[in-house]
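Pasting a predicted model and its sequence here:
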Amino acid sequence: MAKIKVITNFKDKFNLSHMFTVGDVVEFDEERAKDVISRGLAEPYVEPKKVAEAPSEADVAEAAAKAEAEAKAKEAEAAAKEAAEKEKAIAKADEKVQKATEKVNTAKAKADEAEAAKEGLTDEKEIAKANAKAEKAADALAKAEEALKKAQDELDALKGDEE
């Protein structure tokens, strides 16, 4: 069976009292449908596409609420990730400060040791050697203190961002 749409008025060949009018949609067997179409009385019928219904206000509100909730969840997730990364950075900076403090303490001990070693020396060569050692220890102490200050500033900056 085939559905056709009448495009020109015509009478039913089996029942002459019945008239098919323009716009009628009728169902004939395949052969008769082809015959009527070939004579220009009808065309194949195509089911109209359903028009999508506009969403209700409730659907629109629900979709908006869902989108807003998803956006807030993404924001919260990003904030949590950022906080975790900052926490790691603070821990790393704190560890750096501790190591730098240890280096400063070690350098101070070596500088004090080098100064003490100069006591009681009378030989010029030994005094020059001890002075060079003390100067080297003082330079190492200065570098260690500079590294400590840099590490502490970094830690303070990270903690300052937290507040």
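In hand now; what should we look at? None of these values were measured; they are calculated from a predicted model. Numbers count the residues shown, from 1 in each chain.

Name the residue closest to the centre of this structure, please.
Nearest residue to the geometric centre of the chain (C-alpha atoms, centre = their mean): residue 78, 7.6 Å.

Next up, the contacts around that one.
Neighbour list for residue 78: empty [criterion: C-beta atoms under 8 Å, 6 or more residues apart in numbering]. Where C-beta positions appear, they are placed from N, C-alpha and C, glycine not excepted.

Now it: phi and psi?
Note on residue 78: its backbone torsions stand at phi -70, psi -40 [degrees, to the nearest 10].

per-residue confidence for it?
At residue 78, the pLDDT value in this model is 92.

Could you do the one 10 residues further on as well?
In this model, residue 88 is scored at 92, pLDDT.

burial measure for it, as a count.
Neighbours of residue 88 under the rule other C-beta atoms under 10 Å: 10.

do residue 151 as well
20.

how many neighbours does residue 100 have?
19.

now do the one 4 residues further on
Here the count is done by other C-beta under 10 Å, and residue 104 has 20 residues near it.

Show me the domain layout of this protein.
2-44, 86-162 (automatic domain parsing).

between those, which gets nearest to residue 71?
domain 86-162 (22.4 Å; C-beta to C-beta).

Least confident of the domains of the chain, on average?
Among the domains of the chain, domain 86-162 scores lowest, with a mean of 87.

Now residue 151: which helix or strand?
helix 124-162 (DSSP states H and E).
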